[in-house]
Structure formats: C-alpha cells, structure tokens
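Asker: Sequence first, then the predicted structure:
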Amino acid sequence: GDSVTQMEGPVTLSEEACLTINCTYTATGYPSLFWYVQYPGEGLQLLLKATKADDKGSNKGFEATYRKETTSFHLEKGSVQVSDSAVYFCALLMDSNYQLIWGAGTKLIIKP
Amino acid sequence: DTEVTQTPKHLVMGMTNKKSLKCEQHMGHRAMYWYKQKAKKPPELMFVYSYEKLSINESVPSRFSPECPNSSLLNLHLHALQPEDSALYLCASSPLGHTLNTEAFFGQGTRLTVV
C-alpha cells in the first residue's frame, strides 16, 4: 500500500544552521505531497505542497521538491530559527481518494 | 475565512459522561474529517464526511458517534469513554471536486482527557 517514511528525530540544530528532513514515499499512482507543521500544543498547519513531479513547494523559507525518480520530498531550510522548533509531518494524497497518508513525524529542536 | 474552528479547546470528562466536540468551517468545503492524535504520533483518521454523508468509518468504537448537521458543522459525540481515549482530536476540511489534490485545513484541536 501507499506509505511515507520520514527520518527519525529528534533533530537538534543550532540557530542559523541548515536543515534537511528526509521524506520518501511509496505510491502506486501519482500523489500530491505535503509538509505539515505542528507547533507545541497546537493543531496542524500546512507548510507547503507539490502536486506533480519537479514541482517545488516553498513557504516561510522552507522548500521541498517533488522528485519522482527518487520518490522523495525532502524538506530544506537554509537558516533555521528557534521559532521553527516543532514537529514536521510529511504526507501524501492520492487523487483516487482524499485520505492523507502520514509519515511518523520528525521533531525539530533549534537551540539559540 | 480559511479557518477551521474547534470547541472546546480542552475537555476533561469522566468515563460515565456524555460530551460533544464541535467543528465549524465556512470555506464551502464539502469534505470534513475527524482525526485522533496521540502524543508524538501522526494523526489517525477516524471518520470522513462528504456532502454531509458519512463515507468512511475507520473501525472506530461506537462510543464515538459523529454527526454532520449541515455543510459547515461537524460534531463528535462522546459517551462512556476510556482513559486510553485521551488524545488530541483534530477536525479538518477540504474541497471536493474534479481535483482532489488539495490540502486539508486543520483546526487547533480539542485536547481530551478522560478520567
């Protein structure tokens, strides 16, 4: 079945460091891909998305490129801030239904 | 208005209580969802409503009873819950249509504690 695999956390970085959170997927068709972020004590917010191969989603300095050849959607940011500390979820959505398939989540901790 | 509003934000209930969680959106979305999220885990889908009809029930125990009174509202009625049902309950909505590749909008959740 369809699935999403994320790198395990927590990921701990210093402020202004570069960030990469790996996400790979398995899908029988052509999914849309999403990154959601969950700040402590809050619900989920969409961070960025890509709907087809080679699309790049970007928001708040974060980027991710839909790589069909490597079935990946890695999240990147050039310079992280303490306020980026949160749990990040990679997810996919098949166009045959509307159920999100979630990765396990990666906790990101940014130290001043 | 791109918000999904959930009430209450926090709820503590006993195992013999009956309570309801409420969710509201005014984005014209015709798909609405209930998710359950335990600490440090991704959300687990519970129910999906499309066009106000229950389309998916992910084998959820009958002590959870969803209701969709109209296209903007979604309720989750709770009765005789167990302590292991304590979790963050998230409501979400998304458009339905020719293109299903659109994101779901989530509410802030209700933090439920069963004592």
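Answerer: Yep, that arrived. Residues are numbered from 1 along each chain as shown, chains lettered A, B, ... in the order given.
Asker: Who are the packing partners of the helix or strand encompassing residue A:34?
Answerer: Remark: residue A:34 resides in strand A:32-38, with elements defined by DSSP states H and E. Contacts defined by 3 or more Cβ pairs under 8 Å, 6 or more residues apart in numbering or on different chains; DSSP states H and E place strand A:32-38 against strand A:23-26, strand A:44-50, strand A:62-65, strand A:86-93. For the C-beta atoms, the positions are set from N, CA and C on the backbone; glycine is no exception.
Asker: Could I get the CA-only coordinates of it as CSV?
Answerer: Taking Å, rounded to 0.1, in the frame of the first residue of the first chain, the C-alpha atoms of strand A:32-38 are listed here in CSV:
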residue,chain,number,x,y,z
SER,A,32,0.3,15.1,-4.2
LEU,A,33,2.9,15.7,-1.4
PHE,A,34,2.6,17.9,1.6
TRP,A,35,4.6,19.0,4.6
TYR,A,36,2.6,19.9,7.7
VAL,A,37,4.0,21.5,10.8
GLN,A,38,2.7,21.2,14.4
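Asker: in its sheet, what does that strand sit against?
Answerer: Looking at strand A:32-38 with DSSP bridges, its partner strands are strand A:44-50 (antiparallel), strand A:86-93 (antiparallel).
Asker: May I see the buried residues of the shortest one?
Answerer: Along strand A:44-50, these residues count as buried under the neighbour rule (16 or more other Cβ atoms under 10 Å in any protein chain shown): A:44, A:46, A:47, A:48, A:49, A:50.
Asker: Which helix or strand lies directly C-terminal to that strand?
Answerer: Following strand A:44-50 in sequence, per DSSP H and E, is strand A:56-59.
Asker: can you list contacts of that next one?
Answerer: A:33, A:35, A:47, A:48, A:49, A:50, A:63, A:64, A:65, A:66 (Cβ atoms under 8 Å, 6 or more residues apart in numbering or on different chains).
Asker: Confirm for me that the fourth one is in contact with residue A:36.
Answerer: The reference is to residue A:48. No - look at residue A:48 against residue A:36 with Cβ atoms under 8 Å: they stay out of range, at 9.3 Å.
Asker: in chain A, what spans have low per-residue confidence?
Answerer: A:95-98 (pLDDT under 70).
Asker: That one against chain B: which residues are in contact?
Answerer: Proximity of chain A to chain B (Cβ under 8 Å from any Cβ of the partner chain) is limited to residues A:32, A:34, A:36, A:42-46, A:49, A:51, A:87, A:89, A:93, A:95-100, A:102-105, A:107.
Asker: Which members of the residues you listed are classed as buried?
Answerer: A:32, A:34, A:36, A:43-44, A:46, A:49, A:51, A:87, A:89, A:93, A:98-100, A:102-105, A:107.
Asker: So which bits of chain B are right by chain A?
Answerer: Counting by Cβ under 8 Å from any Cβ, chain B sits next to chain A at B:6, B:31, B:40-43, B:45, B:48, B:50, B:56, B:88, B:90, B:92, B:94, B:96, B:99-109.
Asker: swap the cut-off to 10 Å and go again
Answerer: B:4, B:6, B:9, B:31, B:33, B:35, B:37, B:40-45, B:48, B:50, B:55-56, B:58, B:88, B:90-92, B:94-96, B:98-111 (Cβ under 10 Å from any Cβ of the partner chain).
Asker: Looking at these, which are in strands?
Answerer: Secondary structure from DSSP state E places B:4, B:6, B:31, B:33, B:35, B:37, B:44-45, B:48, B:50, B:55-56, B:88, B:90-92, B:94, B:105-106, B:110-111 of the residues of chain B next to chain A in strands.
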